[in-house]
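Undergrad: Here is my input, please return the structure:
(chains A and B)
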Amino acid sequence: MSVIRSRLRSMILEAVQPLLDSPADLNIELDIPKVAEHGDFATNVAFGLTKRLRRNPREIASLIIANLKDPDRILKKVEPAGPGFINFFIDPRAYHEILRDILDNPRQYGRQNIGLGRRIQVEFVSANPTGPLHIGHGRGAAIGDVLANILQGCGYDVQREYYINDAGNQMDTLGRSLYYRYQQESGEEIDFPDNHYRGDYMIDLARQFIGETGGRHRGVPLEEVLQVFTSYAANSILDGIKEDLDVFGVHFQNWFSEQELHNRDAVKQALEFLRERGYIYDAEGAVWFKSTAFGDEKDRVVIRANGASTYFAADLAYHWDKFRRGFEMVVDIWGADHHGYVDRMKAGVQAMGQAPEDLRVILVQLVNLLRGGQPVAMSTRGGEFVTLREVIDEVGKDATRFIFLTRRTDSPLDFDLEVAKAQSNDNPVFYVQYAHARLCSVFEVAAERGVEFDWKSVGEDTLNLLSLPREYELLKLLGEYPEVLATCTRTLEPHYIPYYLHELVSLFHSYYHDNRILGDDPALTRARLCLAAAVKEVIANALDLLGVAAPQKM
RNA sequence: GCGCCUGUAGCUCAGUUGGAUAGAGCAACGGACUUCUAAUCCGUAGGUCAGGGGUUCGAAUCCCUUCAGGCGCGCCA
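TA: Modelled structure (predicted):
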């Protein structure tokens, strides 16, 4: 929480107590009003107390104001307003504390201990190793990565994990796909079957494999070499996925193999565990999980009549394993097309004895890839699709990430390649980066001119020279940064950061245009350099969380 | 048929647990560089928050309903 906010909050809380019969810890909302006449901050606590105090909100507001104590004199004025709001006008000098907060330790600014060190896992991407990542995976990757950064910054002990679906029929299909392409590329006349992975990447992979094996698998019966083909395909594709994610700036602490789960009998154990708890039963030749016990619309099969376990059974085992590894909260980031699985997974978690909130599922809406307004075909089966790597190569990592992160996760996204590129000069990401480069340039020029600047030696008198309304606005906005991170943590939505950055940078550009930072008055110059340094640091700090570069020059 | 998501300016999208007069970018139009980066700034115009009903001091936000679009509803993964 920002320094000013936390001070206001405790002041209000203290002023309310005498009005109550018994002490209470109220949730004090502090809004920043849209109109300046309504002050720097406003609260609506009075509305919440009407029933308790049996008075009208306007009256209560006045009573609270009468009780306010302001020993540090951070308030210039307080007044009741409208139907019962309380408007606070802050003494501009109180904002100097924000500068200290930022410049004392720029990288730490905004970091806070909401998470209390709790262990939390963020699982994301988790694309099947049957083909390269596409743009939808990229959106999930950006969101998961940044969310993990934010949670880490807010006091959680975060682990990033990628779940590899390297078991089941699809692996055989993958191996066969490579096998057939291998034979075709070796010159064998052989039909490529339907329902296999027919993308061009599989042909490339086949040629590569022919090279590595000297073509010695040509004409060898499928059964004899399927395992070899399967593992070669899966490993190569997974390596490609890792490389693409690396280029995209996404790094996992753990890669969790589904096959491992089967190898150590974890699926069976998890089902036994659930059976002991009474949530597994046999019927119609199959084994069922009683997810209706926790609100799912129907029970789910975990072992089919033919003896094979379902994907969901593995997922139960996987989540059981997550909690057994000691995570107190688990965040799953899924494509929105999996929303039908949320209820049963939540049911599973509860059957294991966890609270429903211990699992939070974030559904990332699908991405529509366009080029010049025209949809780009994205058929996996037909193999006609644009990979994430191609998008990054064409649009750039920073712009791609920024576009993904500037949307709410549950809102569908039109990603137009032409717009993302052609707009580059007006692209929000460059707008933000430009401000950073501009600020770097100011400090460079300052150094050239021999302007000495060490903010630690800048005193209150000097900071008091910051007297323009825009300067106060900048300071106040800088003070809101921790609040932005807290909101992201509460909602598990990263998009507040790009919007905040845009607002901050816009205010700065405007200020910069009208005022000179390096002026004739040495004291004023020092004061403004403090402000400039703080803006620069917060931009860099936020861009770092987004995994977007903060360039020195542009 | 049932369920979930979405519907806000011409376009792309914000609007944090209900708050005071609904915001930004792009596009359009008109302006601003002898200066620390014009990849910038300033101004104008643009709205029945899909439609209708309800809840209350107060609704884009909550409830009901209609319409439109997307996705999902397997002993598939």
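
Undergrad: Could you check how far residue A:4 is from RNA strand B?
TA: Distance check for residue A:4 against RNA strand B: by CB to the nearest atom of the strand, to the nearest Å, it reads 15 Å. Quick note: C-beta positions are derived from backbone N, CA and C, even for glycine.

Undergrad: Same question for residue A:446.
TA: Distance, residue A:446 to RNA strand B, by CB to the nearest atom of the strand: 7 Å.

Undergrad: For that residue, grab the count of nearby residues.
TA: Residues near residue A:446, counting by other CB atoms under 10 Å, number 18.

Undergrad: now residue A:34
TA: If you count neighbours by other CB under 10 Å, residue A:34 ends up with 7.

Undergrad: Give me the phi and psi for it.
TA: Backbone torsions of residue A:34, given as degrees, to the nearest 10, read phi -70, psi -30.

Undergrad: tell me the contacts of it?
TA: Applying CB atoms under 8 Å, 6 or more residues apart in numbering to residue A:34 gives no contacts.

Undergrad: What count of nearby residues applies to residue A:361?
TA: 18.

Undergrad: And the helix or strand containing residue A:404, what does it pack against?
TA: With secondary structure defined by DSSP states H and E, residue A:404 is part of helix A:397-405. Helix A:397-405 is packed against helix A:135-153, helix A:388-395, strand A:413-416, helix A:417-422, helix A:428-448, helix A:496-514, helix A:522-546, with contacts defined by 3 or more CB pairs under 8 Å, 6 or more residues apart in numbering; DSSP states H and E.

Undergrad: and it, which residues are buried?
TA: A:397, A:398, A:399, A:400, A:401, A:402, A:403, A:404, A:405 (16 or more other CB atoms under 10 Å).

Undergrad: between those, which is nearest residue A:337?
TA: Among these, residue A:404 lies closest to residue A:337 (CB to CB), at 17.3 Å.

Undergrad: Among the helices and strands packed on helix A:397-405, which comes closest to residue A:363?
TA: Across these, closest to residue A:363 is helix A:135-153 (CB to CB), at 9.9 Å.

Undergrad: for that closest one, what is the average pLDDT?
TA: What helix A:135-153 shows for mean pLDDT is 96.

Undergrad: And RNA strand B, is the helix or strand following it touching that?
TA: Next helix or strand after helix A:135-153 toward the C-terminus (DSSP H and E): strand A:157-164. No - looking at strand A:157-164 against RNA strand B by CB under 7 Å from any atom of the strand, there are no contacts, and the closest approach is 10.9 Å.

Undergrad: Can you list the buried residues in the helix or strand just after strand A:157-164?
TA: Per DSSP H and E, the first helix or strand lying C-terminal to strand A:157-164 is helix A:169-185. For helix A:169-185, burial by neighbour count (16+ other CB under 10 Å) applies to A:170-171, A:173-183, A:185.

Undergrad: Identify the residue with the minimum pLDDT among the residues you listed.
TA: Note: of these, the lowest pLDDT belongs to residue A:170, at 89.

Undergrad: State the three-state secondary structure for the nearest residue to that residue once chain neighbours are set aside.
TA: Counting by CB to CB, 6 or more residues apart in numbering, residue A:170 lies nearest to residue A:130, which is 5.9 Å off, once chain neighbours are set aside. Following DSSP: H, G, I helix; E, B strand; the rest coil, the label given to residue A:130 is coil.

Undergrad: On the pLDDT front, check residue A:130 for me.
TA: In the predicted model, residue A:130 carries a pLDDT score of 92.

Undergrad: Contacts only, for it.
TA: Residue A:130 neighbours (CB under 8 Å, 6+ apart): A:170, A:173, A:174, A:197, A:237.

Undergrad: cool, and residue A:498?
TA: Residue A:498 sits next to A:402, A:405, A:406, A:428, A:432, A:546 when contact means CB under 8 Å, 6+ apart.

Undergrad: try residue A:285
TA: Residue A:285 makes contact with residue A:305, according to CB under 8 Å, 6+ apart.

Undergrad: ok, so what distance separates it from RNA strand B?
TA: Separation of residue A:285 from RNA strand B (CB to the nearest atom of the strand): 5 Å.

Undergrad: residues from the stretch 351-500 of chain A in reach of RNA strand B?
TA: A:363, A:365-366, A:406-408, A:410-414, A:423-426, A:428, A:430-431, A:434, A:437-438, A:440-442, A:444-445, A:483, A:487, A:490-491, A:493, A:495-496, A:499.

Undergrad: Quick one: residues contacting residue A:205.
TA: A:178, A:181, A:233, A:236, A:237 are the contacts of residue A:205 under CB under 8 Å, 6+ apart.

Undergrad: redo that, cut-off 7 Å
TA: Contacts for residue A:205 (CB atoms under 7 Å, 6 or more residues apart in numbering) come out as A:178, A:233, A:236.

Undergrad: per-residue confidence averaged over the helix holding residue A:404?
TA: Mean pLDDT, helix A:397-405: 95.

Undergrad: which residues make contact with that helix from outside it?
TA: For helix A:397-405, the external contacting residues (CB under 7 Å, 6+ apart) are A:138-139, A:142-143, A:146, A:247-249, A:391-392, A:415, A:420, A:427-429, A:494-495, A:498, A:546-549.

Undergrad: what do you get for stretch A:211-231?
TA: With contacts defined as CB under 7 Å, 6+ apart, stretch A:211-231 is touched by A:171, A:172, A:174, A:175, A:176, A:178, A:179, A:182, A:183, A:186, A:188.

Undergrad: touching RNA strand B at all, that stretch?
TA: No - Stretch A:211-231 is not in contact with RNA strand B by CB under 7 Å from any atom of the strand; minimum separation 13.0 Å.

Undergrad: okay, that stretch in PDB with CA atoms only?
TA: Extracted C-alpha coordinates of stretch A:211-231, given in PDB (Å, rounded to 0.1, in the frame of the first residue of the first chain):
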ATOM      1  CA  GLY A 211      20.000 -37.200 -41.300                       C
ATOM      2  CA  GLU A 212      20.800 -38.200 -37.800                       C
ATOM      3  CA  THR A 213      20.100 -41.900 -38.400                       C
ATOM      4  CA  GLY A 214      21.600 -42.100 -41.800                       C
ATOM      5  CA  GLY A 215      18.200 -43.200 -43.000                       C
ATOM      6  CA  ARG A 216      18.600 -46.600 -41.500                       C
ATOM      7  CA  HIS A 217      14.900 -46.800 -40.400                       C
ATOM      8  CA  ARG A 218      13.700 -46.800 -44.000                       C
ATOM      9  CA  GLY A 219      11.300 -49.700 -44.500                       C
ATOM     10  CA  VAL A 220      11.600 -51.000 -41.000                       C
ATOM     11  CA  PRO A 221       8.200 -52.100 -39.700                       C
ATOM     12  CA  LEU A 222       6.400 -49.600 -37.500                       C
ATOM     13  CA  GLU A 223       6.200 -51.800 -34.400                       C
ATOM     14  CA  GLU A 224       9.900 -52.300 -34.200                       C
ATOM     15  CA  VAL A 225      10.800 -48.600 -34.100                       C
ATOM     16  CA  LEU A 226       7.700 -46.800 -32.800                       C
ATOM     17  CA  GLN A 227       9.300 -46.100 -29.400                       C
ATOM     18  CA  VAL A 228      12.300 -44.600 -31.000                       C
ATOM     19  CA  PHE A 229      10.200 -42.300 -33.200                       C
ATOM     20  CA  THR A 230       8.000 -41.300 -30.400                       C
ATOM     21  CA  SER A 231      10.700 -40.300 -28.000                       C
END
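
Undergrad: sorry, back to before: from the contacts of helix A:397-405, list the buried ones, please.
TA: A:138-139, A:142-143, A:146, A:248-249, A:391-392, A:415, A:420, A:427-429, A:494-495, A:498, A:546-549.

Undergrad: quick revisit: would CSV of the contacts of residue A:205 with distance to residue A:87 be doable?
TA: CSV is the format used below for these (distance: CB to CB, whole Å):
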residue, distance to residue A:87
A:178, 68
A:233, 65
A:236, 63
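
Undergrad: which one of those sits closest to RNA strand B?
TA: Lowest distance from RNA strand B to the contacts of residue A:205 (CB to the nearest atom of the strand) belongs to residue A:233, with 14.3 Å.

Undergrad: for the lowest-mean-pLDDT helix or strand in chain A, the distance to its chain's centre please.
TA: Least confident helix or strand, chain A: strand A:374-375 with a mean of 79, by mean pLDDT, DSSP states H and E. From the chain centre to the centre of strand A:374-375 is a distance of 28 Å (CA atoms, centre = their mean, to the nearest Å).
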